[in-house]
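Student: predicted model and sequence follow; I will ask about them next.
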Amino acid sequence: MNKLLFFATIVISFTTSCLHSGQSDKADKSINQNLPSIDTGKTIKDKKMIIQKITPSLWVETTDAKAVADYYLSIFKDGQLKEHHKYKNPPEAGGGDFETAIIEINGIEFNILAAGPYVKFNESVSFVINCKDQAEVDYYWNALTANGGQESSCGWCKDKYGLSWQVVPVEYFDLINNADPEVREKAMTNTLKQKKIILSELK
């Protein structure tokens with residue numbers, strides 16, 4: 001487990017820095033010589049690179065990164081797959097196969113590490129989806145809780161991989177931070193009664 005974690009961390013570092021850098025072909029070859037056997041699959045053409053200081057990395061309990069990428073891109077329609085790689089662990093790292101992928105959603109890159117069931121997501125980390133209206137809340141809520149997802153409370157839910165999301169209409173923040181204490185209290189009190197946020201019930 002520790003060897004796999006260490007090795008996968010190295011791979012993620014290479015994926016986010018080396019593969020996106022402007023280094024020479026010679027440097028790229030030097031890096032690749034130190035990596036395990038890689039099957040890059042189909043080349044993704046005309047991809048727009050993002051220079052991003054911090055990239056969320058999602059370790060999912062599967063070894064099929066492409067399936068994970070396809071799942072999230074089926075929900076977030078404006079996204080794109082930017083990288084997909086297959087790796088074979090060397091014997092000294094414990095053997096076994098794993099995959100990585102990079103997807104872009106709403107201008108943000110996410111790393112996907114599909115290295116098997118070693119770690120689990122929990123609610124201490126979640127992503128907020130700021131929705132323009134109730135219809136958009138309904139769409140994301142239904143999409144994320146379908147096919148093995150799970151409803152929670154106060155606008156939180158989990159997708160089928162166990163990743164937590166809070167699906168919130170932007171008007172909600174105006175209500176819970178309103179200058180009128182009665183408006184704030186009603187919004188907060190009714191939020192505690194809800195699973196999916198129903199905006200009309202908070203006003």
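Tutor: Yep, it's here.
Student: contact partners for residue 200?
Tutor: Listed by Cβ atoms under 8 Å, 6 or more residues apart in numbering, the contact set of residue 200 reads residue 134. For the C-beta atoms, the positions are set from N, CA and C on the backbone; glycine is no exception.
Student: could I get the pLDDT score of it?
Tutor: Looking at residue 200, its pLDDT reads 96.
Student: where does pLDDT dip in the protein?
Tutor: Scanning the chain for pLDDT under 70 picks out the ranges 1-50, 93, 95.
Student: and the strands in the chain?
Tutor: 38-39, 57-60, 80-88, 97-105, 108-114, 126-131, 150-151, 156-158, 164-169 (DSSP state E).
Student: need those strands in a markdown table with distance to residue 184 and mean neighbour count, can you?
Tutor: What follows is the strands of the chain, written out as a markdown table (distance: least, Cβ to Cβ, whole Å; neighbours: other Cβ atoms under 10 Å):
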| stretch | distance to residue 184 | mean neighbour count |
| --- | --- | --- |
| strand 38-39 | 54 | 12 |
| strand 57-60 | 34 | 20 |
| strand 80-88 | 40 | 19 |
| strand 97-105 | 32 | 23 |
| strand 108-114 | 31 | 22 |
| strand 126-131 | 19 | 16 |
| strand 150-151 | 25 | 12 |
| strand 156-158 | 20 | 21 |
| strand 164-169 | 16 | 20 |
